[in-house]
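Participant: Just the structure for this:
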Amino acid sequence: MTKSNARQPRVPACRRAHRKKKRRQKDEETSEPEVVCPSLGRERSKKRVNCDSEMTPQQRKLDTHMFQCYLENLWMSFTEERTNSFTYLDCLWFSLYKKESFEAKVLNWIKKKRIFSKNYVFVPIVRWCHWSLLIFCHFGESLQSKSRTPCMLLLDSLQMANPKRLEPEIRKFVLDIYKSEGRPENEEQIYGIPLKVPKVPQQRNRYECGNFVLYYLNLFTESAPESFSISEGYPYFGPCRERLQKWSDVTCILVLQMPRA
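Facilitator: Just a heads-up that it's a prediction; the model follows:
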């Protein structure tokens, strides 16, 4: 038997599995999250969402499914009084909006959320494999209001990556929301809505961004005022350093320890 015809040694199954896992991890780090939305556009169940499994240290980087599970469970833990002024958008809607075939559907789903009747609207954003939190503030108020200033807050746990690079996409998104609602404001006024990037606690590794978004959201619902005007300085919603340190690895302990169905 010649050398060229000799049977190549078989790679053990465990080694093949290890190589496959490494390739999958590399793909997840270099690509956009897969957009899977079997339940979008429908009313979600009031029952607690099953998040399938506990999060291990190796799974700290939340995918869209796990993030949405924790977000819904966290929301279920709030009292009705606490959430009357708030609502949130599904974590995939911003990504789906950027797909031409989904744009009109997403705007229709948002219309059903009646965001202009709420003081604050949470918009989780996942772009370039990184999570950040956009908050619409007082969108139902006149853009000339002095007591309740319509504005946007962008909370990002990796400010060194320049969160303002999202601004063109955010502003187009907001413009289309206003248009789909038939609002009286013109394009110039809508583009003039301030977009602020407050200083917030920062992540310490590449895995924690999704956890930080949940963390910001929880803290914001606890401390956001009924109204504010940015002409007087918008409120600081970050936690004190001592409180932050009590959250081991900032894994949103309140959420992760919550019993699941």
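Participant: Can you name the residues that contact Val197?
Facilitator: 153-156, 159, 163-164 (Cβ atoms under 8 Å, 6 or more residues apart in numbering). Where you see a C-beta, it was placed from the backbone N, CA and C, and this is true even at glycine.
Participant: Output those as JSON lines; include the columns secondary structure, neighbour count and pLDDT.
Facilitator: Shown next, in JSON lines, are the contacts of Val197 (DSSP: H, G, I helix; E, B strand; the rest coil; neighbours: other Cβ atoms under 10 Å; pLDDT from 0 to 100):
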{"residue": "Leu153", "secondary structure": "strand", "neighbour count": "23", "pLDDT": "93"}
{"residue": "Leu154", "secondary structure": "strand", "neighbour count": "21", "pLDDT": "94"}
{"residue": "Leu155", "secondary structure": "strand", "neighbour count": "26", "pLDDT": "93"}
{"residue": "Asp156", "secondary structure": "coil", "neighbour count": "26", "pLDDT": "91"}
{"residue": "Gln159", "secondary structure": "helix", "neighbour count": "17", "pLDDT": "84"}
{"residue": "Pro163", "secondary structure": "helix", "neighbour count": "21", "pLDDT": "90"}
{"residue": "Lys164", "secondary structure": "helix", "neighbour count": "12", "pLDDT": "90"}
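Participant: could those go into CSV alongside distance to Tyr178?
Facilitator: Below are these laid out as CSV (distance: Cβ to Cβ, whole Å):
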residue, distance to Tyr178
Leu153, 18
Leu154, 18
Leu155, 22
Asp156, 24
Gln159, 28
Pro163, 22
Lys164, 21
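Participant: Next up, the contacts around Glu226.
Facilitator: 85, 119.
Participant: Wasn't it part of a helix?
Facilitator: No: using DSSP: H, G, I helix; E, B strand; the rest coil, the secondary structure at Glu226 is coil, not a helix.
Participant: Just the pLDDT at it, thanks.
Facilitator: If you check Glu226, the pLDDT there is 80.
Participant: got it, and Val49?
Facilitator: In this model, Val49 carries a pLDDT of 47.
Participant: cool, Ala6 as well?
Facilitator: In this model, Ala6 carries a pLDDT of 51.
Participant: repeat for Thr87
Facilitator: So, for Thr87, pLDDT stands at 94.
Participant: part of a strand, is it?
Facilitator: Yes: secondary structure of Thr87 (three-state DSSP): part of a strand.
Participant: ok now do it, which residues does it touch?
Facilitator: So Thr87 contacts 113-115, 118, 120-122 (Cβ under 8 Å, 6+ apart).
Participant: can you do 10 Å?
Facilitator: 75, 113-115, 117-122, 136 (Cβ atoms under 10 Å, 6 or more residues apart in numbering).
Participant: Look up how far Leu96 lies from Lys111.
Facilitator: 15 Å (Cβ to Cβ, to the nearest Å).
Participant: repeat for Ser223
Facilitator: Counting by Cβ to Cβ, the gap from Ser223 to Leu96 is 31 Å.
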